[in-house]
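Engineer: I'll drop the sequence and a predicted model, then ask my questions.
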Amino acid sequence: MMSDDGGRAAARQRGRAAGRQGGRAAAFLLVAAAIVAVIGPVRPIAPVAPIAQWLPADSAYTWSFPRDHWSHPGYKTEWWYFTGHLTPEGSRAPRFGYQFTFFRIGLLAERPPLVSGWAAQDLVMGHLALSDLSSGRHVFSEILYRASPLLGGFPTAGDTLVAWSRGPAGTATPWTLAWTDGGFTIAASDERQRIALSLTTHPSKPLVFQGPNGYSRKGVGPNAASQYYSLTRLTTDGHVVVGTDTLTVSGTSWMDKEFGSNQLAEGQSGWDWFSLQLDDGREVMLYRLRSRDGAGDYARGTFVSATGEPTYLASGEWALTVDDRWRSQATGADYPARWRITLPAWDLALDVRPLLAAQENVSRVVPGLGYWEGAVTVHDAQGGVLGRGYVELTGYADGGRLPI
């Protein structure tokens, strides 16, 4: 039998416990109220008929610009890809090569049946790489978030922003891609690695479709394709931050935009991709997809005249030979590291050389993901410089196939 003192002590203990529970409940309600205030209530809605499959690329796709610079829900994969060479104010030669990419990776072909900003349909993945040609240092940064109101997303056409995300851990400012005044603006930083880009770009040549009507074949299957266009020459101005230095820069960039659902077949391991800007105003885009045994599986290209007219190239209309290789200490991948490209129709023999050997991007977020993305120069047979460009090599490292 409990004494009166014991009963009063037990009552006090129950009261304190109830108070703690009440405090936790009140805190929970305050957080819930804050979430609702930001993104609205989370409530189920009536199910909608599911899309049977992701949308395939279509040779008869109806393009509309600038609307098609924004995202295309319903397609599994989409990316906005910028590369370029940047020269600091007062210098005569480029010091930096850069890459900036936003990927939209589809999780669901339609929005889940919830009226909530947290009902994610996509992932936002971003890659930022800076090659400092004066120091030989290559820095890679990345983000990967669920597309949601506080983390990142893809606004609808007409919004200034095309894509955005929070920065990487430790970085206060967001990564953004915007379309303003007929050009793209890029802003991205990594405060822990002490790099940043803030660039404004404007096309100096017309937009080019990569393949007839922007239908870019990636294999022999009926749906092995993407919708693909490029801005092959963008005047670029802005700032680069390296360490404690902020440098005013200018240069030339290349922009690729692709969206589709079946770019790579099951038996394809990756690709070798080239974007080359020749000093005479012409550009070359080439890609070769590889099978899992390393052999070439499918290849296409585009040759762009100085005035912007494209000529589409089948695999037999150009040739690619590897002259050197580089092995990564980080991933063990054995990458091609110098190439000879011949284009008989234009009597061109191009010697493509990396400006740095170690330009591999190794993910800390996606286990096993590594690929080579590097600034290159283009030379003639006598060694004279013909231009500059970028090369991307995927599928050489374990897990190095990008998630498309």
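Structural biologist: Everything's here; your move.
Engineer: Next, the contact list for the one residue sitting closest to the centre of the chain, please.
Structural biologist: The centroid of the chain falls nearest to residue 101 when counting by CA atoms, centre = their mean (2.7 Å). Counting by CB atoms under 8 Å, 6 or more residues apart in numbering, residue 101 makes contact with 79, 80, 81, 82, 126, 127. Placement of C-beta: from N, CA and C, glycine included.
Engineer: Just the endpoints, please. Distance across stretch 137-156?
Structural biologist: 37 Å (CA to CA, to the nearest Å).
Engineer: next one: stretch 210-220
Structural biologist: Using CA to CA, one end of stretch 210-220 lies 17 Å from the other.
Engineer: quick check: mean pLDDT across that stretch?
Structural biologist: Averaging pLDDT along stretch 210-220 gives 95.
Engineer: would you list every one of the helices in this protein?
Structural biologist: Counting by DSSP state H, the chain has helices at residues 4-39.
Engineer: what residue ranges in it score low on pLDDT?
Structural biologist: Within the chain, the set of residues satisfying pLDDT under 70 comprises 1-52, 110-118, 263, 265, 399-404.
Engineer: Residues in a beta bridge with the residue nearest to the centre of the chain, which ones?
Structural biologist: Assessed by DSSP bridges, residue 101 has beta-bridge partners residue 81, residue 127.
Engineer: next one: residue 291
Structural biologist: residue 268.
Engineer: How many residues are close by it?
Structural biologist: Neighbourhood size, residue 291 [other CB atoms under 10 Å]: 15.
Engineer: Residue 299 is in contact with that one, correct?
Structural biologist: No: judged on CB atoms under 8 Å, residue 291 makes no contact with residue 299 at a distance of 11.9 Å.
Engineer: excluding its backbone neighbours, what's nearest residue 97?
Structural biologist: The shortest distance from residue 97 to any non-neighbouring residue, by CB to CB, 6 or more residues apart in numbering, is to residue 375 (2.7 Å).
Engineer: In contact with that neighbour, which residues?
Structural biologist: Residues in contact with residue 375 (CB under 8 Å, 6+ apart) are 83, 85, 97, 131, 133, 354, 355, 356, 359, 388, 389, 390.
Engineer: what's the closest of these to residue 311?
Structural biologist: The shortest separation between residue 311 and any of the contacts of residue 375 is 17.8 Å, and it belongs to residue 389 (by CB to CB).
Engineer: which residues pair with the nearest residue to the closest one once chain neighbours are set aside across the strands?
Structural biologist: Once flanking residues are discounted, residue 389 sits nearest to residue 276: 3.7 Å by CB to CB, 6+ apart. Bridge pairing for residue 276 (DSSP bridges) gives the partners residue 284, residue 389.
Engineer: From what I see, residue 276 and residue 353 are in contact.
Structural biologist: No: at 11.7 Å, residue 276 and residue 353 do not qualify as touching, with contact defined as CB under 8 Å.
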